[in-house]
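A.B. asks: need a 3D model of the sequence below.
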Amino acid sequence: MRKIFFFIALTSLFGCRDSKKSINISNNYIENISYLVDLEGNSYSTSKLKGKKVLLNFWATWCGPCIKEMPDLLEAQQILIKENYIFLLVSDESQAQILEFKKQTNYDFTFLKAKKSTASLGVYALPTTYIYNEKGEKVDQIIGSVKWGSEKIIARLKDI
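C.D. replies: Numbers count the residues shown, from 1 in each chain. I've put the predicted structure just below:
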């Protein structure tokens, strides 16, 4: 019985990982943006990000916590625009699904589509957010939803 339990535990820990296929999120946003397209199918230009702080949020239309945090993300975006931030919301769903969501909610975000699955990018939980400084270096990551408009989070993002 112990051997069976041990085998199941090992399989669940290591059986679902395939590090050769996962590219994972890089420490530099320029390497991460190459797989993103806008909602018209055009490659997203990194020139828009030069000298900016970037909040890269992975989400999905079916993800309850993702949807729940969006009003707070919008509030944080409005507060942090003067702090030189750009917010990018990335989903691996179809462009049609993302466009329909944008139309229904009328959120003022830059929505992008990942040409690869979030899992192949090393994103295994939604929402997941990566923060980059003005040099394009990853300086923080947050897994799970947070109150983006809270004083604590705003102060944390301002300090970057």
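
A.B. asks: looking at the chain, which helix or strand does the model trust least?
C.D. replies: The weakest-scoring helix or strand in the chain, judged by mean pLDDT, DSSP states H and E, is helix 2-14 (a mean of 39).

A.B. asks: for this structure, what are the low-confidence residue spans?
C.D. replies: Low-confidence segments of the chain, defined by pLDDT under 70: 1-33.

A.B. asks: now with 90?
C.D. replies: Scanning the chain for pLDDT under 90 picks out 1-35, 43-50, 116-122, 136.

A.B. asks: can you show me the helices along it?
C.D. replies: Secondary structure of the chain (DSSP state H): helices at 2-14, 29-33, 64-80, 95-105, 151-158.

A.B. asks: buried residues in the third one?
C.D. replies: Read that as helix 64-80. Cys66, Ile67, Glu69, Met70, Asp72, Leu73, Leu74, Ala76, Gln77, Ile79, Leu80 (16 or more other Cβ atoms under 10 Å). Bear in mind the C-beta positions are built from the backbone N, C-alpha and C, glycine included.
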